[in-house]
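okay, predicted coordinates and the sequence, questions at the end:
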Amino acid sequence: MRVVHEAVTGEIAEDAVIYGTLEGPATVRAGVTVVLYGATAGPVYVERAARLVIYGANAGQVVNRGLVVVQGVDVGEITDVEEGESQREPRIRASTAE
């Protein structure tokens, strides 16, 4: 698995952990898993059998044919196409303090 500490754009053809920004246009190729600690910016395409796990923010447009999981803030747009599946688990929740 490749570890990257910078902004990434273009085609991602191998498993990667990204600390930074996934800038569009970017494509997560089929069979690849990307774990992003940061944010999306711009169009990101997730192919069939690909996985994108976001710990941070989805601030861009994601066209999803695989699996997208957002653990954080989702202020962008995720479009599930064909067999695409998205899961949103916000880390920021309403306060229970009185």
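Perfect, I can see it now.

dump the lowest-mean-pLDDT helix or strand in the chain to CSV, restricted to CA.
Lowest by mean pLDDT, DSSP states H and E among the helices and strands of the chain is strand 85-88, with a mean of 84. Taking Å, rounded to 0.1, in the frame of the first residue of the first chain, the C-alpha atoms of strand 85-88 are listed here in CSV:
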residue,chain,number,x,y,z
GLU,A,85,-23.1,2.1,-2.5
SER,A,86,-22.3,5.0,-0.2
GLN,A,87,-22.3,5.1,3.6
ARG,A,88,-22.2,8.3,5.6
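
which residues does it contact?
For strand 85-88, the external contacting residues (CB atoms under 8 Å, 6 or more residues apart in numbering) are 62, 64, 66-70, 74, 78, 80. In short, each C-beta sits where N, CA and C put it, glycine included.

go on, stretch 63-73?
28, 30, 43-59, 62, 78-92.

would you mind writing the ChimeraX command to select the buried ones in those?
Here is the ChimeraX selection string for the buried members of the contacts of stretch 63-73, based on 16 or more other CB atoms under 10 Å:
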select :28,43,44,45,46,47,50,51,52,53,54,56,57,58,59,62,78,80,84,86
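
now whichever strand in the chain runs longest: buried residues?
Ordering each strand of the chain by length in residues (DSSP state E) puts strand 16-28 first. Neighbour-count burial for strand 16-28 flags 16, 18, 21-24, 26-28 (criterion: 16+ other CB under 10 Å).

one more: stretch 68-77?
Buried residues in stretch 68-77 (16+ other CB under 10 Å): 68, 70, 72-74, 76.

farthest-apart pair in those residues, please.
V68 and V73 (14.0 Å; CB to CB).

was I right to think V62 contacts T79?
Yes - here V62 reaches T79: they are 7.0 Å apart, a contact under CB atoms under 8 Å.

restricted to strands, list the contacts of stretch 63-73.
Using DSSP E, those in strands are 28, 43-46, 51-58, 62, 78-80, 85-88.
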